[in-house]
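*Asks:* No sequence on hand, only this structure:
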């Protein structure tokens, strides 16, 4: 059996899954931390442990605190992604790439 492989720090569960299941992954330097709502889906917890190994920490939260932390976690990821895209746009000549695409013939 293969050992669990850690995901990259940029990977998050889909927001809707994290919202419904009550479980979110917060990647840190020492591994992943689980944010878990008090009524978290035990099957999701089990699957995350199977696929990523044991978490560095599990933080149990009430519904209101979980919703707040989930929003901040995904907002921070969105900001990181936007900065990455802006940085790539500075280094990639999109107009030049568009000109190089083959034209379709009708």
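*Replies:* Noted; the coordinates are in hand. This structure is a prediction, so every number in the text was calculated from the model and none was measured. Numbers count the residues shown, from 1 in each chain.
*Asks:* Now for the residue most central in space within the chain: which residues touch it?
*Replies:* The centroid of the chain falls nearest to residue 12 when counting by Cα atoms, centre = their mean (1.2 Å). Taking Cβ atoms under 8 Å, 6 or more residues apart in numbering, we find residue 12 in contact with 18, 24-25, 27, 73-74, 77. C-beta here means a position set from N, CA and C on the backbone, and glycine is covered the same way.
*Asks:* May I have the predicted confidence score for residue 74?
*Replies:* We have a pLDDT of 85 for residue 74.
*Asks:* Report how many residues lie close to it.
*Replies:* 17 (other Cβ atoms under 10 Å).
*Asks:* next one: residue 34
*Replies:* Look at residue 34: counted by other Cβ under 10 Å, it has 21 neighbours.
*Asks:* And for residue 24?
*Replies:* There are 27 residues near residue 24, going by other Cβ under 10 Å.
*Asks:* Tell me how far the helix or strand of the chain with the lowest mean pLDDT lies from the chain's centre.
*Replies:* In the chain, no helix or strand scores lower on mean pLDDT, DSSP states H and E than helix 94-100, which sits at a mean of 74. Mean-position distance between helix 94-100 and its chain equals 31 Å (Cα atoms, centre = their mean, to the nearest Å).
*Asks:* quick one: the strands in the chain?
*Replies:* Remark: strands assigned in the chain by DSSP state E are 23-28, 31-37, 57-61.
*Asks:* Setting aside sequence neighbours, what's the nearest residue to residue 77?
*Replies:* Leaving aside its sequence neighbours, residue 77 sits nearest to residue 12 (Cβ to Cβ, 6 or more residues apart in numbering; 5.6 Å).
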